[in-house]
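J.: I need the structure of the sequence given here:
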Amino acid sequence: MPILASNLNPEYISVCNNATWAIGEISIKMGDDMRPYVTLILTHLIDIINRQNTPKTLLENTAITIGRLGLVSAEEVAPKLQLFIRQWCTSLRNIRDNEEKDSAFRGVCNMISLNPQGVVQDFIFFCDAVASWVNPKADLKEMFYKILHGFKNQVGDDNWKQFSQQFPEPLRERLSGGYGV
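T.: A predicted model of the protein is given here:
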C-alpha cells in the first residue's frame, strides 16, 4: 500500500489514476485490514479531488476510492467528510449505476451516519447525487431514505420546504417520487 500511496501524484495522471483505482479495489478485498493505511492515502485523495483541472476519470476514480475507504473504515474517513463531500458528489452524479458507484455511495452513507454535520453545508449536492441513481439496490435506497428523512426531520417541515424550494424542479420531483421528501 505505501508504494501505491507514493504514486498518488496528479502530475502523472495515468499513474495516479491507476494507483487510485487499485487502492479502491484493494480496499474492498482488505476490508478492516485497510485501516492502518487510510490516513496515509486519504490526504492525497482529498488533495486530488479538490485540485483544479483534474481530469474527469481521475476525479471519478478518486471519489469511488474515497467512498470505498469509507465503506471499510468509516471511522477514519468520516471526520474529513466536509473536506471532500461537495466535489465527491459532483464527481459521481453523472456516472451510470454500477457496482463501483454502489460501494462508494455505501461508504459515504456510512460516513454521513457517523458525521452528519460533515454534509450539512453541502447537503443539496448529496441530494443531487442521490437523485442521479436510476435504480439503486433496495438496501442502498433505504440508506438514502434514512439520511434524507433524518435531515428533513432534524430541520423540520417548514425549513425543509424552504430548503427544497431552491432545488431545480427535476431534482425536487425525483426526491419526492423516489424518497417521499
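J.: what helix or strand is the spatially most central residue of the chain on?
T.: For the chain, residue 108 is the residue whose C-alpha lies nearest the centre (C-alpha atoms, centre = their mean; 4.5 Å). Assigned by DSSP states H and E, residue 108 belongs to helix 99-114.
J.: figure out how far that helix is from the centre of its chain.
T.: Distance, stretch centre to chain centre, for helix 99-114: 6 Å (C-alpha atoms, centre = their mean, to the nearest Å).
J.: what helices or strands is it leaning on?
T.: helix 56-77, helix 85-92, helix 117-120, helix 123-131, helix 138-155 (3 or more C-beta pairs under 8 Å, 6 or more residues apart in numbering; DSSP states H and E). Backbone N, C-alpha and C define where each C-beta goes, glycine included.
J.: now for the residue nearest to the centre of the chain: which residues touch it?
T.: Applying C-beta atoms under 8 Å, 6 or more residues apart in numbering to residue 108 gives the contacts 67, 70, 85, 88, 126.
J.: re earlier: out of the helices and strands packed on helix 99-114, which comes closest to residue 166?
T.: In terms of C-beta to C-beta, the element of the helices and strands packed on helix 99-114 nearest to residue 166 is helix 123-131, at 7.0 Å.
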